[in-house]
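In: how would this look folded up:
(4 chains)
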Number of protein chains: 2
Amino acid sequence: MSIDGQLPPKARLLRAAAELLANSGGSAVSTRQITQLAGVTAPTLYHHFGDKEGLFDAVVAAGFDEYVAGERDFAPSGQPLEDIRRMWDNHVQFGLKQPELYLVMFGNIRPESRPAIVADAEALMEEMLNKAAVSGQLNVPPKEAARSILAANVGVTLMLIAEKVPERNLELSSMTRDAMIFAVSTEQARDNGSVDSGKSSVVVAAIALNAALQASHSDQLSSSELKLFLEWLHRISTS
Amino acid sequence: MSIDGQLPPKARLLRAAAELLANSGGSAVSTRQITQLAGVTAPTLYHHFGDKEGLFDAVVAAGFDEYVAGERDFAPSGQPLEDIRRMWDNHVQFGLKQPELYLVMFGNIRPESRPAIVADAEALMEEMLNKAAVSGQLNVPPKEAARSILAANVGVTLMLIAEKVPERNLELSSMTRDAMIFAVSTEQARDNGSVDSGKSSVVVAAIALNAALQASHSDQLSSSELKLFLEWLHRISTS
DNA sequence: CAGTTCATATAGCGTTGCTATAGGTGCTAG
DNA sequence: CTAGCACCTATAGCAACGCTATATGAACTG
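Out: All right, here's what the predicted structure looks like:
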């Protein structure tokens, strides 16, 4: 029920805050919960961190180190765009694994502290994109590309977090990811890269028919037939 | 200093909450502020809206009406993808114009009571994408495309809101927007912005799918399923 | 006119983030 | 060794928060 160890109070506060934040399940975390779990009283918190937000910022800083460590774990593969892709996935995974922490880092917009984190994440991605640019794989300046990709990455992750777990469809992530990477890369990079959006004409046609059927009320099929028909159509569309 | 008019208390509460939310400058808005500005006492608020969140939801609903009105203001241009583009821009403008309201609507992600707003916005976009799909301009099922585009749209808007006004670079928006639209559209749609309008129909789509299925061997359906599927397809095609 | 329902007010509960004040601890200077 | 000092932590409590048990008036209905 309490974080004891022989750690100094400051570390215990950090650990307690991180733990409560990770397990809060979305509800707010109070300073009293934190101080109680840390086995400390209120003034100690404010002595070390100034205020609640200061404590959270410290937690976020630690969380960001972990995030960066994850991003750096992949040795550069020689294919910068492939690295960007893994970076994206790592970002999403980080968000889904620690949603509360992620929300504090990227979701909660506090005009003051947020940009720092975002700027760091942006720099990390820009650095990688720079390599792509050097080898002529980039269609846009790395800085703009990084901002754009990161914005989409955050948007996707927030949307996935907001969804209930069983409904989460990671295709949303991979699809958006490939779209963004495709858009910033040169044709040269697309050819030898593994980004292919080559959809068969079957899929395109199925999608079109599906939409057309939704729009118009055809009476060529009975309702039960139509139901099964649409189901198959969807199966083809999402292949 | 108070919203009087002769409006009923419920409307005054709504107006007061909206006003405070719009001018709060990021800081929290308390029920006491709201009730005081509305010239009402606490129980009135809870009688009409249940709780604070209920009131905010109501404000959001009103805000969403405004949002939708903006989205619908554009008469369909006959070029669905162009409409999607304007939809994107309208979304961003809405966010920048009313950042606090926007944050309540799209930013503040409460994993549980995720505002139905997002779903509504998604539906709105899906509806538009459906038109694109009907005329064969879509590479992906409309539903998935809508989610993906909206996620990126929200991500970009949040990032722009988080930036200080003088630093805001709207190119981030247009670039990401075009990347997403490009990614979900077919080559056909990219070449001539306007495809044969109105000509597409269930029949045309069915014929196209039929032909496409004959040409390629999809393995999404079993042979018996495929047989029945093709039969239905034929029935639709010859109606 | 009695009864019921709706709408608002009085007053206050429990919790929140935070702090004024004071006391204990370990260090260094004389 | 001790006096003084800086650092750290605890006691106690404030103002503001979201919210509610209860009561009162108004308006409609039989």
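In: A:A179 - that's part of a strand, no?
Out: No - read with DSSP: H, G, I helix; E, B strand; the rest coil, A:A179 is helix and lies in no strand.
In: Per the annotation, how does chain A divide into domains?
Out: Here the domain parsing of chain A from automatic domain parsing is A:1-50, A:69-192, A:201-237.
In: Can you add mean pLDDT, mean neighbour count and distance to DNA strand D and give those domains back as a markdown table?
Out: To be clear about C-beta, it is placed using only N, CA and C from the backbone, and glycine gets the same treatment. Putting the domains of chain A into a markdown table (pLDDT from 0 to 100; neighbours: other C-beta atoms under 10 Å in any protein chain shown; distance: least, C-beta to the nearest atom of the strand, whole Å) gives the following:
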| stretch | mean pLDDT | mean neighbour count | distance to DNA strand D |
| --- | --- | --- | --- |
| domain A:1-50 | 85 | 16 | 3 |
| domain A:69-192 | 84 | 19 | 17 |
| domain A:201-237 | 71 | 19 | 40 |
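In: so which of those gets nearest DNA strand C?
Out: Among these, the nearest to DNA strand C by C-beta to the nearest atom of the strand is domain A:1-50 (3.3 Å).
In: where's that closest one relative to the chain centroid, distance-wise?
Out: Chain-centre distance of domain A:1-50: 27 Å, with C-alpha atoms, centre = their mean, to the nearest Å.
In: Does that domain reach DNA strand C?
Out: Yes - Domain A:1-50 reaches DNA strand C (C-beta under 7 Å from any atom of the strand) through A:28-33, A:42-43, A:46.
In: Go through the domains of chain A and name the closest to B:V165.
Out: Nearest to B:V165 among the domains of chain A is domain A:69-192; the distance by C-beta to C-beta comes to 10.4 Å.
In: now check that closest one, is it near DNA strand C?
Out: No - Domain A:69-192 is not in contact with DNA strand C by C-beta under 7 Å from any atom of the strand; minimum separation 12.0 Å.
In: next one: that domain to chain centre, how far?
Out: Worked out by C-alpha atoms, centre = their mean, domain A:69-192 lies 7 Å from the chain centre.
In: hang on, the earlier thing: output the domains of chain A in CSV; the columns should cover distance to chain B.
Out: CSV is the format used below for these (distance: least, C-beta to the nearest C-beta, whole Å):
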stretch, distance to chain B
domain A:1-50, 4
domain A:69-192, 2
domain A:201-237, 4
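In: and of those domains, who's closest to B:L150?
Out: That would be, of these and by C-beta to C-beta, domain A:69-192, which comes in at 7.6 Å.
In: Out of the residues of domain A:1-50 next to DNA strand C, which is nearest to B:E171?
Out: A:A28 (36.9 Å).
In: So the closest one lies in a helix, does it not?
Out: No - counting by three-state DSSP, A:A28 is located in no helix; its state is coil.
In: Look up phi and psi at it.
Out: Here is the backbone geometry of A:A28 (degrees, to the nearest 10): phi -70, psi 160.
In: elements contacting the helix or strand hosting A:T157?
Out: In this assignment (DSSP states H and E), A:T157 forms part of helix A:142-162. Counting contacts by 3 or more C-beta pairs under 8 Å, 6 or more residues apart in numbering or on different chains; DSSP states H and E, helix A:142-162 packs against helix A:80-97, helix A:99-102, helix A:114-134, helix A:171-184, helix B:142-162, helix B:171-184.
In: What is the shortest one packed up against?
Out: Based on contacts counted as 3+ C-beta pairs under 8 Å, 6+ apart, the elements that helix A:99-102 packs against are helix A:9-23, helix A:52-73, helix A:142-162.
In: got the angle between the last one and helix A:171-184?
Out: With axes from the mean of the first three to the mean of the last three C-alpha atoms, to 10 degrees as the basis, helix A:142-162 and helix A:171-184 are set at 170 degrees to each other.
In: Can I get helix A:142-162 in PDB? Just the C-alpha atoms.
Out: Extracted in PDB, the C-alpha atoms of helix A:142-162 (Å, rounded to 0.1, in the frame of the first residue of the first chain):
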ATOM      1  CA  PRO A 142      12.500  17.200 -43.200                       C
ATOM      2  CA  LYS A 143      11.200  19.700 -40.700                       C
ATOM      3  CA  GLU A 144       7.900  20.100 -42.300                       C
ATOM      4  CA  ALA A 145       7.600  16.400 -42.900                       C
ATOM      5  CA  ALA A 146       8.400  15.700 -39.300                       C
ATOM      6  CA  ARG A 147       5.700  18.100 -38.000                       C
ATOM      7  CA  SER A 148       3.200  16.700 -40.400                       C
ATOM      8  CA  ILE A 149       3.900  13.100 -39.700                       C
ATOM      9  CA  LEU A 150       4.000  13.600 -35.900                       C
ATOM     10  CA  ALA A 151       0.700  15.500 -36.000                       C
ATOM     11  CA  ALA A 152      -1.000  12.600 -37.800                       C
ATOM     12  CA  ASN A 153       0.700  10.200 -35.500                       C
ATOM     13  CA  VAL A 154      -0.600  11.900 -32.400                       C
ATOM     14  CA  GLY A 155      -4.100  12.200 -33.900                       C
ATOM     15  CA  VAL A 156      -4.200   8.500 -34.700                       C
ATOM     16  CA  THR A 157      -2.900   7.500 -31.200                       C
ATOM     17  CA  LEU A 158      -5.400   9.700 -29.400                       C
ATOM     18  CA  MET A 159      -8.200   8.300 -31.500                       C
ATOM     19  CA  LEU A 160      -7.100   4.800 -30.700                       C
ATOM     20  CA  ILE A 161      -6.700   5.500 -27.000                       C
ATOM     21  CA  ALA A 162     -10.200   7.000 -27.000                       C
END
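In: That one versus helix A:114-134: what angle between them?
Out: 120 degrees.
In: and what of the longest one?
Out: Orientation note: helix A:52-73 sits at an angle of 20 degrees relative to helix A:114-134 (the same axes, to 10 degrees).
In: outside of helix A:52-73, which residues touch it?
Out: A:13-14, A:17-18, A:21, A:31, A:34, A:45, A:48-49, A:87, A:90-91, A:93-94, A:98, A:101, A:104-105, A:110, A:113, A:117, A:120-121, A:124 (C-beta atoms under 8 Å, 6 or more residues apart in numbering or on different chains).
In: what does the first one give?
Out: Residues outside helix A:9-23 that contact it (C-beta under 8 Å, 6+ apart) are A:3-5, A:7, A:29, A:33-35, A:37-40, A:44-45, A:48-49, A:55-56, A:58-59, A:62-63, A:98, A:100-101, A:104.
In: wouldn't A:V140 be in contact with B:M175 here?
Out: Yes - with contact defined as C-beta atoms under 8 Å, A:V140 and B:M175 form a contacting pair (7.0 Å).
In: Now the common contact residues for those two.
Out: A:S148.
In: gap between the residue of chain A most remote from its centre and B:W232?
Out: Relative to the C-alpha centroid of chain A, counting by C-alpha atoms, centre = their mean, A:Q220 is the outermost residue, at 44.4 Å. Using C-beta to C-beta, to the nearest Å, we find A:Q220 at a distance of 8 Å from B:W232.
In: before we move on, what about A:R85?
Out: Taken as C-beta to C-beta, the span from A:R85 to B:W232 is 39 Å.
In: Can you give me every residue that contacts A:I117?
Out: A:60, A:64, A:105-106 are the contacts of A:I117 under C-beta under 8 Å, 6+ apart.
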